[in-house]
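[1] this is the structure alone, sequence omitted:
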């Protein structure tokens, strides 16, 4: 392995996300998944667009995480008149 490689395992109840930062060591994530599968049953998706309501967009600089859709649904739910004002402007 060349350079530093950091692997992050983000968990919330039964949802998880694994991120690798640093070197291009693809084995780091594979090794973690292999270890987790010794005790757990995993459902894997390698193209993630959403995690816990947040949108994840890959960019050349890394990952952009935003809550546009989630925040819009909150506004629509609790302040429907605000949605009309926002759309009108």
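    The structure has been received and is ready for your questions. Since the structure is predicted, the reported quantities are computational estimates derived from the model, not experimental observations.
[2] any idea which residue sits dead centre in the protein?
    Closest to where the C-alpha atoms of the chain average out (Cα atoms, centre = their mean) is residue 51, at 4.2 Å.
[3] relative to residue 33, how far out is that one?
    Residue 51 is 17 Å from residue 33, where distance means Cβ to Cβ, to the nearest Å. For the C-beta atoms, the positions are set from N, CA and C on the backbone; glycine is no exception.
[4] how about residue 68?
    30 Å.
[5] which one's more surrounded, those two?
    Regarding residue 68 and residue 33, a neighbour count based on other Cβ atoms under 10 Å identifies residue 33 as having more, with 14 against 9.
[6] neighbouring contacts of the helix or strand that contains that one?
    Using DSSP states H and E, residue 33 falls within helix 27-37. With contact meaning Cβ atoms under 8 Å, 6 or more residues apart in numbering, helix 27-37 is reached by 1, 5, 7, 9, 18, 20, 42, 44.
[7] swap the cut-off to 10 Å and go again
    1, 5-9, 16, 18-22, 25, 40, 42, 44, 46 (Cβ atoms under 10 Å, 6 or more residues apart in numbering).
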